[in-house]
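>>> attaching a predicted model along with its sequence, questions to come.
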Amino acid sequence: EVHPSPDDAEDPNEKSERWMSSDDYKKIEHDNHKIVRAIEKGTDKHFCTRGLENQLKKEADRIKEESRQAVWEEQMRQKKEGTYDEAKLMEKYRMSALQSKIDAVERAEQDNAEIEAYLKSTRKMMRRMSC
């Protein structure tokens, strides 16, 4: 059974080592930028892009442009016909954003499966340790 030590009994240096420093954050940010640049250059390495989606500018820009294009085409079609249908414009945008939603759901399901596997193995290990 694990018993945490009381905070007042801890060495202040030991306690501060548990928290990330500004240097740690800078290193993470630097590493993230390196990963994004490598992906955008098309390297053969496989990188986890989890949490970096907004920084992957080319892909984000492509998705935004496709959405704008779909709405613009619908606007031009309506203008040519002399009509205005806001619902159809919204539907064009919604459909163009659908893949992003599908991708987000798939990532969430994958995260859930990974968390469940981690918890299962952790519980199993803790049961062994408690015997």
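Structure's in. What do you need? Numbering: from 1, shown residues only.
>>> contacts and neighbour counts: CA atoms only from here.
Noted.
>>> so what's the residue nearest the centre of the chain up against?
Taking CA atoms, centre = their mean, the centroid of the chain lies closest to Gly51, which sits 3.2 Å from it. Contact analysis of Gly51 by CA atoms under 8 Å, 6 or more residues apart in numbering lists nothing.
>>> ok, it to Arg107 distance?
In this view, Gly51 and Arg107 are 11 Å apart by CA to CA, to the nearest Å.
>>> the residue nearest to the centre of the chain in helix, strand or coil?
At Gly51 the chain is in coil, as set by DSSP: H, G, I helix; E, B strand; the rest coil.
>>> so what pLDDT did it get?
Gly51 carries a pLDDT value of 80.
>>> how about the helices of this protein, start to end?
12-16, 22-41, 57-81, 86-96, 98-130 (DSSP state H).
>>> turn those into JSON lines, columns for distance to Phe47 and mean pLDDT.
Shown next, in JSON lines, are the helices of the chain (distance: least, CA to CA, whole Å; pLDDT from 0 to 100):
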{"stretch": "helix 12-16", "distance to Phe47": "31", "mean pLDDT": "69"}
{"stretch": "helix 22-41", "distance to Phe47": "7", "mean pLDDT": "88"}
{"stretch": "helix 57-81", "distance to Phe47": "15", "mean pLDDT": "88"}
{"stretch": "helix 86-96", "distance to Phe47": "26", "mean pLDDT": "91"}
{"stretch": "helix 98-130", "distance to Phe47": "15", "mean pLDDT": "89"}
